[in-house]
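Enquirer: All I have is the shape, not the residue letters:
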């Protein structure tokens, strides 16, 4: 069975980014793919900031990434780049920590003006980590994801459509590379 890890780089689970990651988890699970989510903000902050590779929580998270066939890297955009929380975690990955893995970036920002942050900030880092199968990704604006009082998220139709296409591409890429789906 294929195994995907979602690295969620939002500083809070209340972030609208969670709408994208929850939708991705449900969609991939329905396709028979095992999914795990690493909420980077839930890792011990001091371990991340001080790059404590021997931290049990950090080691567990790195092991999850190592065991995955594909990685979805999800982040909000702050100051025209991916989040600092995500940066701290990516800095802990081995030099070729994404080698042989399919990578799908998911990015959310306050406006369409930050669209290129995915191509000019995040994708180069994924490539530097050995990623060679980096898919196009999905960029969403905050306004396209509604959060209810109960904390549930509703995605605009254009976002679900683009996300469905990106996840289908992820599944097809895994299949193309001989990684079992069911």
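Expert: Received, thanks. Everything numeric here is computed off the predicted structure, so don't read it as measured data.
Enquirer: mind checking the longest helix of this structure?
Expert: The residue-count maximum for a helix in the chain (DSSP state H) belongs to helix 157-176.
Enquirer: For that helix, name the packing helices and strands.
Expert: helix 17-30, strand 70-78, strand 102-109, strand 138-141 (3 or more CB pairs under 8 Å, 6 or more residues apart in numbering; DSSP states H and E). Yep, even glycine has a C-beta here, placed from its N, CA and C like the rest.
Enquirer: As CSV, those with distance to residue 159 and mean pLDDT would be great.
Expert: Converted to CSV, the helices and strands packed on helix 157-176 look like this (distance: least, CB to CB, whole Å; pLDDT from 0 to 100):
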stretch, distance to residue 159, mean pLDDT
helix 17-30, 8, 97
strand 70-78, 13, 97
strand 102-109, 9, 97
strand 138-141, 5, 97
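Enquirer: got JSON lines for these, with distance to residue 38 and mean neighbour count too?
Expert: Output for the helices and strands packed on helix 157-176, formatted as JSON lines (distance: least, CB to CB, whole Å; neighbours: other CB atoms under 10 Å):
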{"stretch": "helix 17-30", "distance to residue 38": "10", "mean neighbour count": "20"}
{"stretch": "strand 70-78", "distance to residue 38": "10", "mean neighbour count": "25"}
{"stretch": "strand 102-109", "distance to residue 38": "14", "mean neighbour count": "24"}
{"stretch": "strand 138-141", "distance to residue 38": "19", "mean neighbour count": "21"}
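Enquirer: can you tell which of the ones you listed is closest to residue 151?
Expert: With CB to CB as the measure, helix 17-30 is the member of these nearest residue 151 (8.6 Å).
Enquirer: Could you check how far the closest one is from the centre of its chain?
Expert: 10 Å (CA atoms, centre = their mean, to the nearest Å).
Enquirer: Report the residue spans of this structure with pLDDT below the cut-off.
Expert: Within the chain, the segments meeting pLDDT under 70 span 180-182.
Enquirer: residue nearest the centroid of it?
Expert: By CA atoms, centre = their mean, the chain has its centre lying nearest to residue 73, at 2.1 Å.
Enquirer: so what's it bridging to?
Expert: Residues in a beta bridge with residue 73, per DSSP bridges, are residue 7, residue 105.
Enquirer: who touches it in this structure?
Expert: By CB atoms under 8 Å, 6 or more residues apart in numbering, the residues touching residue 73 are 7, 9, 86, 90, 103-106, 122, 126.
Enquirer: Swap in 7 Å and give it another go.
Expert: The contact partners of residue 73, taken as CB atoms under 7 Å, 6 or more residues apart in numbering, are 7, 103, 105, 122, 126.
Enquirer: My read is that the fourth one contacts residue 86, right?
Expert: No - here residue 122 lies out of contact with residue 86, judged by CB atoms under 7 Å, at a distance of 8.3 Å.
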